[in-house]
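*Asks:* the sequence and its predicted three-dimensional model are supplied below.
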Amino acid sequence: MSIGQSFLRRPRVEIEPNAQSRLSVSSGSADHVDSICFDIHQTCKRGGKDVEKRLIKILGSADHNKRAQISLRYEELFDQELASTIQANTSGKSGEALQLLAMSIEKAEARLVHSALAGSSVVEDQFYPILCGRSMSEIEKLKRAYVLAYGKDLWDVLAPNLNSDMVGFVSIFVNSEEEEFDPDFHTDKKAESDAEELYFATSAGNVDENEVEENSVMKILHCSPPKHLNAVVSTFESKFNCSLQEALDTAAFLAEKDAALLVLGFKLKPHETIAWLIKSACEATDDTLLAACIIRYQPVMRYVMLAHEELFGMSIKERIESHTSGNYRVLLLGLIETASVPKNPRAQKVKKQAADASWPAIGSDASALSLKTIGAADSGSEFDGLCKDIKESLKQRAKRTNEKKLIKLLGSTPQEMRAGLSARFRELYGHDMTSLIKKECSGDLGVALQLLSLPTNFAEASLVKMATSGFGRSEKQLFSILCGKSNEEINALKHAYSDQYGKDLVDVLTSQLSGDFLDFLLTCIRGTVDKAESRRQPKFGAKSDAEEIFIACLDSKAAGNKLVFDILCNSTPEYLQSVNDAFAENHDRTLYETLNEWFSGPAKEAALFTLGLKLKPHVAIAQLIKSACAGIRTDSLLLSSCLIRYQPLMREVVISHKNLFGKDIADRIESKTSGNYKALLLQLLDSAGPSLLEGQAQFFQTLRVNIPPKTKPGQKLAICTNEDSAQTSLVTVPKKAEWLWDSEAVGGVAFFITTITGSITPVAI
């Protein structure tokens, strides 16, 4: 295996392997995910020749985030791992690939490492791509996944199976962390020193084999931040008239040169490195490596596809078609089709840029990019066109501002692109987009457009400012922004508020608020969610905290209230669910009931919203939207805030709103707003994408069942099957921890059931 002179271009990408911790919160209320899980279960239960084809169609068309949701939800619904179900119903290469699709990223990689070590010799082609170029956090997740799956420490398994050269290299991968870039340490002098050390280590004429430490090469490559490594590469080429890649490839003594080249490639130009791995896997007919590459790097596959075609003159699709067959080929083609190369002129520009084979040409900001920003990294031309259209839409002396065009442009811009759009507009025209919109657009529409022209943290800082100013103060607006945030989101908001208004957010809240409500919000913005995890992860901790909440509410003293606030605000969603379950089991009542009874005023609203946002986020947001539209006068600021801030979740929120209130959010907007403001809100709703259920074969439906007073868990409720018949179906009332408490909806307390479409129509209880 030799990377040789493969052309690599792009900066390092970190795949996000830990999606499960976030997805598990929403998976329970995502009807589409449940529908997919039931579909998989029924497909495997029925059996037959087409099981594999059906599974390929279901899982092959889902992206990595959706697959993580499906995997988690399937185990919740059927008490069996999805991978085990697939293993029992498939075989061969396609079966192995489907099992990898049914696992989390880190669990799939743990399995691949185990397979690479299971034979009589280590399979380096599979082994190195998994360990090379990983961050320490990714390595730690891989270690944990390996222990959980195989009951052994990863290093204890690796060391006896590797030769002495590999042990040294792998030890660096597993135990060393990439340095954070420090301009005072990673200087030009340091780059020159590292370049000289690499030259000495790779030059056969200068080397006494007894004195060479091969690990020094890997330490520089693995531990250097990309920005510094880029400087080392440039210095190496200019000083020694040879590229570092060539030096590594021709270093005769370097036993594991392939690993060194992979680390260098993953650090600086991962998309081309992945393209080369895919090519190598196909040429060596290594089906395991090929499937691993397509699955593991699906989030960035669009860029890999462009790089592959430019580097090798053929598409990945053509390569897969020529080297694979049967259901295995169908699955891989489905995965790359789901990745979808952008079909616009910008794609051609990116494709042309991929031919850039000069390593030192990498930009100095390479290290700043990650998977989260990769979509915006090459979008200068796209931003330029959008900025130009926005500028033309705004009033130009004799012309009138084209509000409808402005609504379409800003209303359809994804949330993750707003920061880049705002910055690019200022670069191009020397004006702040928000200020121009404020000058040209007024009323509710003007405020909403201003929020859309800002990065999310600055938009939220503006909302906090409005919610704490004068007669417009809004407690509901405040807690909807400050509650339920991660540490990173809280810190970003604090910095944005300080930058924008020159004041500390804590000082502003303290001067404006008081009592339990102030205590609750200050607890929310303390930013200690992760720190609280270590204290509350054990199962016995949930029971202990449940009892502390019960005692504190009975005591009803300020100190007890603060303890309750601390548990609500600083617990992860998973842990808080455990507390709620323990509370319901011990006291026959849920946290919602208790908080609703013992607290009052805005503190109660904030506590209930935080609880809902962590346990049933889509339901909590749907209720917030409904409350913004309740009464004679619509709370336009709160309504705008909900649709703008929660736009990425809006598809699921729409479903929850319909289940809760029997009414679409679009219908609510139509009846409670008007004019161009209404047009903007509908545009935001439309840009969130079609309903997750749209276009799907609806074998299942989610129904709300209202719970009559004095009903207890385990009782049977008779539900009419239709309006004209006396026939009924019996459903069992679930445990209280699964009840939905909704004071604003008809019925107040309810639970949901999933049935075959049309089999039950809940008319009366």
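*Replies:* Received, thanks. Numbering: from 1, shown residues only.

*Asks:* before we move on, what SS does residue 589 have?
*Replies:* coil (DSSP: H, G, I helix; E, B strand; the rest coil).

*Asks:* what are the phi and psi angles of it?
*Replies:* phi -160, psi 150 (degrees, to the nearest 10).

*Asks:* next: the one 4 residues further on.
*Replies:* Here the main-chain torsion angles of residue 593 (degrees, to the nearest 10) amount to phi -60, psi -50.

*Asks:* separation between it and residue 331?
*Replies:* Between residue 593 and residue 331 the computed distance is 48 Å (CB to CB, to the nearest Å). Placement of C-beta: from N, CA and C, glycine included.

*Asks:* per-residue pLDDT, residue 228?
*Replies:* Reading off the confidence values, residue 228 has pLDDT 90.

*Asks:* what about the residue nearest to it when sequence neighbours are not counted, which SS state?
*Replies:* In this structure, residue 228 finds its nearest non-sequential neighbour in residue 186, 4.0 Å apart by CB to CB, 6 or more residues apart in numbering. Secondary structure, three-state DSSP: residue 186 is coil.

*Asks:* go ahead and confirm residue 186 touches residue 231.
*Replies:* Yes - with contact defined as CB atoms under 8 Å, residue 186 counts as touching residue 231 (7.5 Å).

*Asks:* settle it for me: which of the two has more neighbours?
*Replies:* residue 231 (23 against 20; other CB atoms under 10 Å).

*Asks:* could you say which helix or strand holds the more buried one?
*Replies:* helix 226-240 (DSSP states H and E).

*Asks:* for that helix, enumerate the helices and strands it packs against.
*Replies:* helix 188-202, helix 214-223, helix 244-250, helix 257-268 (3 or more CB pairs under 8 Å, 6 or more residues apart in numbering; DSSP states H and E).

*Asks:* apply 7 Å and report the result again.
*Replies:* If you count contacts as 3 or more CB pairs under 7 Å, 6 or more residues apart in numbering; DSSP states H and E, helix 226-240 packs onto helix 188-202, helix 257-268.

*Asks:* tell me the angle it makes with helix 257-268.
*Replies:* Angle of helix 226-240 versus helix 257-268, following axes from the mean of the first three to the mean of the last three CA atoms, to 10 degrees, is 120 degrees.

*Asks:* just the buried residues of helix 226-240, please?
*Replies:* Within helix 226-240, the residues that count as buried by 16 or more other CB atoms under 10 Å are 226-237, 240.

*Asks:* tell me the one among these nearest to residue 288.
*Replies:* residue 226 (28.6 Å; CB to CB).

*Asks:* surely the closest one meets residue 267?
*Replies:* Yes - if you go by CB atoms under 7 Å, residue 226 and residue 267 touch, sitting 5.4 Å apart.

*Asks:* just to revisit the earlier point, now the residue nearest to residue 228: phi and psi?
*Replies:* phi -90, psi 70.

*Asks:* separation between it and residue 225?
*Replies:* Counting by CB to CB - residue 186 and residue 225 are separated by 7 Å.

*Asks:* could you do residue 201 as well?
*Replies:* 20 Å.

*Asks:* what of residue 458?
*Replies:* 28 Å.

*Asks:* those two: which has the busier surroundings?
*Replies:* Legend: neighbour count by other CB under 10 Å for residue 458 and residue 225, higher for residue 458 (22 against 18).

*Asks:* ok, and what's touching the helix or strand harbouring the more buried one?
*Replies:* Of the helices and strands defined by DSSP H and E, residue 458 is found in helix 456-467. Helix 456-467 is contacted by residues 415, 418, 451, 454, 472-474, 477-478, 481, 492-493, 496-497, 500-501, 637, 641, 644-645 when judged by CB atoms under 7 Å, 6 or more residues apart in numbering.

*Asks:* so for it, what's the average pLDDT?
*Replies:* According to the model, helix 456-467 has a mean pLDDT of 90.

*Asks:* in it, which residues are buried?
*Replies:* Within helix 456-467, judged by 16+ other CB under 10 Å, the buried ones are 456, 457, 458, 459, 460, 461, 462, 463, 464, 466, 467.

*Asks:* reformat these as CSV; add distance to residue 149.
*Replies:* Shown next, in CSV, are the buried residues of helix 456-467 (distance: CB to CB, whole Å):
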residue, distance to residue 149
456, 37
457, 38
458, 43
459, 42
460, 40
461, 44
462, 47
463, 44
464, 45
466, 50
467, 48
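
*Asks:* which member of those residues is positioned nearest residue 61?
*Replies:* Among those, residue 456 lies closest to residue 61 (CB to CB), at 29.6 Å.

*Asks:* name the residue in residue 593 and residue 331 with the higher neighbour count.
*Replies:* residue 331 (27 against 17).

*Asks:* list the contacts of the more buried one.
*Replies:* 56, 60, 94, 97, 98.

*Asks:* count the residues that sit near the third one.
*Replies:* Under the neighbour criterion other CB under 10 Å, residue 94 is assigned a count of 24.

*Asks:* isn't it up against residue 329?
*Replies:* No - between residue 94 and residue 329 there is no contact under CB under 7 Å: 8.6 Å.

*Asks:* what's the distance between residue 106 and residue 147?
*Replies:* 11 Å.

*Asks:* just want to know which of the two has more residues nearby.
*Replies:* residue 106 (22 against 14).

*Asks:* sec struct for the more buried one, please.
*Replies:* helix.

*Asks:* quick one, strands of this structure?
*Replies:* 700-706, 716-720, 728-732, 740-741, 749-756 (DSSP state E).

*Asks:* can you flag the weakest of those strands by average pLDDT?
*Replies:* strand 749-756 (a mean of 52).

*Asks:* quick one: average confidence on stretch 502-518?
*Replies:* 89.

*Asks:* need the contact list for residue 188.
*Replies:* residue 231 are the contacts of residue 188 under CB under 7 Å, 6+ apart.

*Asks:* how far away is it from residue 239?
*Replies:* Applying CB to CB, the value for residue 188 to residue 239 is 12 Å.

*Asks:* how about residue 131: what's its closest non-neighbour residue?
*Replies:* residue 173 (4.5 Å).

*Asks:* got a list of what that neighbour touches?
*Replies:* Contacts for residue 173 (CB under 7 Å, 6+ apart) come out as 131, 132, 134, 222.

*Asks:* wait, the first one touches residue 170, no?
*Replies:* Translated: residue 131. Yes - in this structure, residue 131 is within contact of residue 170 by CB under 7 Å, at 6.4 Å.

*Asks:* buried residues in stretch 272-284?
*Replies:* 272, 273, 274, 275, 276, 277, 278, 279, 280, 281, 282.

*Asks:* how close does the third one sit to residue 262?
*Replies:* Relative to residue 262, residue 274 is positioned 10 Å away (CB to CB).

*Asks:* where does the stretch 401-550 of the chain have low pLDDT?
*Replies:* 470-472, 527-540 (pLDDT under 70).

*Asks:* who touches residue 478 in this structure?
*Replies:* With contact set as CB under 7 Å, 6+ apart, residue 478 has these partners: 464, 467, 521.

*Asks:* run the last query once more with 6 Å
*Replies:* residue 467 (CB atoms under 6 Å, 6 or more residues apart in numbering).

*Asks:* state the distance from it to residue 525.
*Replies:* From residue 478 across to residue 525, the span is 11 Å (CB to CB).

*Asks:* for residue 81, same thing?
*Replies:* For residue 81, the distance to residue 525 (CB to CB) stands at 39 Å.

*Asks:* the more surrounded of these two?
*Replies:* A direct count of neighbours by other CB under 10 Å for residue 81 and residue 525 places residue 525 higher, at 19 against 16.

*Asks:* so the more buried one sits against residue 490, correct?
*Replies:* Yes - contact status for residue 525 versus residue 490: in contact at 5.3 Å, counting by CB atoms under 6 Å.

*Asks:* and the pLDDT for the closest residue to residue 231 other than its chain neighbours?
*Replies:* Leaving aside its chain neighbours, residue 231 sits nearest to residue 191 (4.0 Å; criterion: CB to CB, 6+ apart). Looking at residue 191, its pLDDT stands at 91.
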